[in-house]
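Visitor: From the sequence below, what's the structure:
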Amino acid sequence: AREGGRKGPRAMQKGTGHPGAGEAERTRGRSGRWAPAPVSPTHRRARASAAHRGLHVVAQAAKRREAVVKIGTRGSPLALAQAYLTRDLLKKTHPELSEDGAVEIKIIKTTGDKVLQQPLADIGGKGLFTKEIDEALLDGRVDIAVHSMKDVPTYLPEGTVLPCTLPREDVRDAFISPVGNSLAELPEGSVIGSASLRRRAQILNRFPSFKVINFRGNVQSRLRKLGEGEVAATLLAYAGLKRLDLVDKMTAILSFEEMLPAVAQGAIGIACRTGDETPLRYLDSLNHPETYTAVLCERAFLGALDGSCRTPIAGHARRGEDGNLAFRGLIAHPDGIEMFDVDRTSAFTDEDAVKAGNDAGEELKAKAGSKFLEFLNADTTKEFSPNVAPSSR
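Guide: Numbers count the residues shown, from 1 in each chain. Predicted structure coming up:
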């Protein structure tokens, strides 16, 4: 009786919250051997479910690690907006990339971001916004690179391809001014802020009394300088203002007759390594064929003219009402003294678009003449810097 009295309380204590544990204790008391407590069917199902969930979490984590895509981008607000757009499209199109951490954005500072006081023409041109990102792509730090296509040189680094352009935004330029509703309304001698020789040439062609000064920096900093009264007006890509939700800052949209846009303006291009199958598959699903074809035409035109940031060149291709490709391009003297333009049409295919762009470039070279082109290709930054107004016309 005393033995039962000693073991009874221990049996109840052990069994608390564990059905069957008390019975196991009593079994040990009678036989001298311990027996495990019986497990109910409910507990067996709960344990199996937990184990299954654990395996699922491990499997998903492994899958996520395999599916990680690293996006390389500049760190400006506009560049990040374009990278976020790319990330969201990847997640929407590919369910395996919708998991947290499956897509990573890596900010890469480029030379063009670091040197802000000099015109791009003086420090190397467009490639300064892509060089460091291309290097990160080639050495494997990133898997894809998101670019504003107007910043991409006509050549691509060996080992990279650019198989994807996203649907194009409005390609026109926006006019922003606190003192007038258009360029024509500004008083003579007005100071315009722009780092673009293309904009400078077209402005001075129509308004020779204006002074165009270098105006670099991101969109927000340019708007701040404008608000502080450094210039009477500035021009920015309408597409950038839309992506940054800053359309309310705009005074007017310029027509193509007032300002022909830059080659590939409003287009986002995404590059990857040559032969890298997974990124190529992802980018193929995002590519917008109509934008891709139009940009091919414009870049072929730029390539035929050997264009750079030292050369005022504009070009725009689109699908016309008849379904064919319609292209218009121009090349100009930096101070707007001379300007030559060209129009082309072709079938709307990649091959025909490239041919149309090349042919348009060759026609402009013939129109402009060798002396004009030699002048543009020479080192003219001392005579024609965007920091100073032209001394004569």
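
Visitor: next helix or strand past whatever helix or strand residue 91 lives in?
Guide: Per DSSP states H and E: residue 91 is located in helix 77-93. Sequence order places strand 103-107 as the next helix or strand after helix 77-93, per DSSP H and E.

Visitor: tilt between that following strand and helix 77-93?
Guide: Computed by axes from the mean of the first three to the mean of the last three Cα atoms, to 10 degrees, the angle separating strand 103-107 from helix 77-93 equals 170 degrees.

Visitor: who does the helix holding residue 91 touch, helix- and strand-wise?
Guide: In this structure, helix 77-93 packs against strand 69-73, strand 103-107, strand 144-148, helix 219-227, helix 238-243, strand 268-273, helix 277-286, with contacts taken as 3 or more Cβ pairs under 8 Å, 6 or more residues apart in numbering; DSSP states H and E. Backbone N, C-alpha and C define where each C-beta goes, glycine included.

Visitor: got the phi/psi numbers for the nearest residue to residue 109 once chain neighbours are set aside?
Guide: Nearest-residue entry for residue 109: residue 75, 6.3 Å, with adjacent residues in sequence omitted and distances by Cβ to Cβ, 6 or more residues apart in numbering. Backbone torsions for residue 75, taken as degrees, to the nearest 10, come to phi -100, psi 0.

Visitor: Hmm, residue 130 is touching residue 111, no?
Guide: No - assessed by Cβ atoms under 8 Å, residue 130 is found out of contact with residue 111, at 9.8 Å.

Visitor: the more surrounded of the two?
Guide: Legend: neighbour count by other Cβ atoms under 10 Å for residue 130 and residue 111, higher for residue 130 (27 against 14).

Visitor: give the contact list for the more buried one.
Guide: Contacts for residue 130 (Cβ atoms under 8 Å, 6 or more residues apart in numbering) come out as 110, 145, 147, 151-153.

Visitor: ok, 10 Å please
Guide: Counting by Cβ atoms under 10 Å, 6 or more residues apart in numbering, residue 130 makes contact with 72, 74, 108, 110-112, 137, 145, 147-148, 151-153, 156-157, 160, 269, 271.

Visitor: Please list only the buried members of those.
Guide: Buried by 16 or more other Cβ atoms under 10 Å: 72, 74, 108, 110, 112, 137, 145, 147-148, 151-153, 160, 269, 271, out of the contacts of residue 130.

Visitor: Nearest to residue 243 among those?
Guide: Nearest to residue 243 among those is residue 148, at 10.0 Å by Cβ to Cβ.

Visitor: Test my guess that that closest one contacts residue 267.
Guide: Yes - under the criterion of Cβ atoms under 10 Å, residue 148 makes contact with residue 267 at 7.7 Å.

Visitor: Tell me what the closest residue to residue 279 other than its chain neighbours is bridged to.
Guide: In space, and not counting its chain neighbours, residue 279 is closest to residue 272: 3.9 Å by Cβ to Cβ, 6+ apart. In this structure, residue 272 bridges to residue 144, residue 161 when assessed by DSSP bridges.

Visitor: quick revisit: residues that sit against both of residue 148 and residue 267, list them.
Guide: residue 239.

Visitor: ok, back up a step: count of neighbours near the residue nearest to residue 279?
Guide: Residue 272 has 23 neighbouring residues, counting by other Cβ under 10 Å.

Visitor: quick one, what contacts residue 256?
Guide: So residue 256 contacts 171-173, 314, 316, 318, 328 (Cβ under 10 Å, 6+ apart).

Visitor: what about it, which SS state?
Guide: Secondary structure for residue 256, judged by DSSP: H, G, I helix; E, B strand; the rest coil, is coil.

Visitor: I'd like to know how far it sits from residue 95.
Guide: Per Cβ to Cβ, to the nearest Å, residue 256 is found 41 Å from residue 95.

Visitor: same thing with residue 170?
Guide: 31 Å.

Visitor: Residue 238 too?
Guide: 34 Å.

Visitor: Those two: which has the busier surroundings?
Guide: Neighbours per residue, other Cβ under 10 Å: of residue 238 and residue 95, the larger number sits with residue 238, 22 against 10.

Visitor: Name whatever forms a beta bridge with the nearest residue to that one once chain neighbours are set aside.
Guide: Excluding its sequence neighbours, the residue lying closest to residue 238 (Cβ to Cβ, 6+ apart) is residue 174, at 4.4 Å. With DSSP bridges as the criterion, residue 174 is bridged to residue 236, residue 253.

Visitor: So what's the residue count around residue 174?
Guide: Look at residue 174: counted by other Cβ under 10 Å, it has 23 neighbours.

Visitor: what residue ranges in the chain are flagged as low confidence?
Guide: The chain contains residues with pLDDT under 70 at 1-67, 112-127, 307-310, 379-393.

Visitor: Strands of that one, residue ranges please.
Guide: With DSSP state E as the criterion, the chain has strands at 69-73, 103-107, 144-148, 160-165, 173-176, 191-193, 211-213, 233-237, 252-253, 268-273, 313-319, 325-332, 339-346.

Visitor: Most tightly packed of the ones you listed?
Guide: Most buried of the strands of the chain, by mean neighbour count (mean count of other Cβ atoms under 10 Å): strand 144-148, with a mean of 26.

Visitor: now the angle from that one to helix 277-286?
Guide: Computed by the same axes, to 10 degrees, the angle separating strand 144-148 from helix 277-286 equals 40 degrees.

Visitor: Keeping just the C-alphas, turn strand 144-148 into PDB.
Guide: Extracted C-alpha coordinates of strand 144-148, given in PDB (Å, rounded to 0.1, in the frame of the first residue of the first chain):
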ATOM      1  CA  ILE A 144      20.800  41.500 -65.200                       C
ATOM      2  CA  ALA A 145      21.400  45.200 -65.700                       C
ATOM      3  CA  VAL A 146      18.600  47.800 -66.000                       C
ATOM      4  CA  HIS A 147      19.500  50.900 -68.200                       C
ATOM      5  CA  SER A 148      17.800  53.900 -69.600                       C
END
